[in-house]
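Asker: My questions are about this predicted structure, shown below with the sequence.
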Amino acid sequence: MNAILMRGAFAAIGFWVATYFIGGLRFDNATTLILAGVALGLINAFVRPLFILLTLPITVVTLGLFLLVINAAMVGLVAWLLPGMRLEGFWAALATSLVVSVVSWIGGALARA
């Protein structure tokens, strides 16, 4: 449970960083941003593995690039669930997922050190 909360915290920081670089991403307030991070942490822990399993043939054929689409879909799912988060289109979701992934990766590396 602690690891899921840590992922959520890093995802919230990633969303915060992404709001500065991506024009199609907006949050109404800081509470929504934190909830989005926690929601993405939970969705990545429970829903994403199912999506990866179901789309395994497509992922293998595209040499793993379809995982970017799955990550964008998870960000889109969070935006759909939270009324205070606005995401404008697939490309904004893809860019947001890339920024959140990089920030989460860096945060995870720093937490392990």
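Answerer: That came through, no problem.
Asker: Select the longest helix from this protein.
Answerer: Longest helix of the chain, by residue count under DSSP state H: helix 90-112.
Asker: Mind listing what's buried along it?
Answerer: Residues of helix 90-112 classed as buried by neighbour count (16 or more other C-beta atoms under 10 Å): 92-101, 103-104, 107. Just so you know, the C-beta spots here come from the backbone N, C-alpha and C atoms, and that holds for glycine as well.
Asker: Return the list of helices and strands in contact with that helix.
Answerer: Counting contacts by 3 or more C-beta pairs under 8 Å, 6 or more residues apart in numbering; DSSP states H and E, helix 90-112 is packed against helix 2-21, helix 66-81.
Asker: What residues of the first one count as buried?
Answerer: What that stands for is helix 2-21. Under the neighbour-count criterion of 16+ other C-beta under 10 Å, helix 2-21 has 7, 8, 9, 10, 11, 12, 13, 14, 15, 16, 18 buried.
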